[in-house]
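Peer 1: generate a structure from the sequence data that follows.
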Amino acid sequence: MPAKTNGPAEKNGPAKTNGPPAFRYDARMANDIEPRWQDRWEREGTFHCPNPSGPLSDGFERVVKEGRGPFFIMDMFPYPSGAGLHVGHPLGYIATDVLARYKRMTGHHVLHTFGYDAFGLPAEQYAIDTGRHP
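Peer 2: Numbers count the residues shown, from 1 in each chain. I've put the predicted structure just below:
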């Protein structure tokens, strides 16, 4: 009867464990990559979002001429409650971030903001439940 093996690693020899992996995202690599991307975003105006009117409207005419329709999306602002800081549900932030990015990539003029969602109600409910001032 042949000897039993534990899988491909045993057939191909022991796995190498010497030193760090060949590719690792660390502070050194981030300091190399991030400035290049930030320069590109600045050069291409990736996140340029002029107002339709007022003092911050410089460039809005160009956006309209390019045919990019406006798209407004708002996330819930993290707010304090009596029991601590409420940061919402991460899945909600992921979904709105993905949608806003998709709209930008398909040529829309996107304004992605944070807003208040029932600000104060959790603090009031905490005060009612515990009898303490929020």
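Peer 1: use CA for all of it now, contacts and neighbours both
Peer 2: Fine.
Peer 1: now the helices for this structure?
Peer 2: All helices of the chain, identified by DSSP state H, fall at 8-11, 27-44, 60-65, 90-105, 121-130.
Peer 1: show me the shaky parts of the chain.
Peer 2: 1-17, 63-68, 77-92, 116-120, 122, 134 (pLDDT under 70).
Peer 1: redo that, cut-off 80
Peer 2: 1-25, 45-53, 57, 59-69, 76-92, 107, 109, 114-127, 132-134 (pLDDT under 80).
Peer 1: kindly reformat the helices of the chain as a markdown table and extend each row with mean neighbour count and distance to residue 74.
Peer 2: Formatted as a markdown table, those follow (neighbours: other C-alpha atoms under 10 Å; distance: least, C-alpha to C-alpha, whole Å):
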| stretch | mean neighbour count | distance to residue 74 |
| --- | --- | --- |
| helix 8-11 | 10 | 50 |
| helix 27-44 | 11 | 22 |
| helix 60-65 | 14 | 21 |
| helix 90-105 | 14 | 8 |
| helix 121-130 | 14 | 19 |
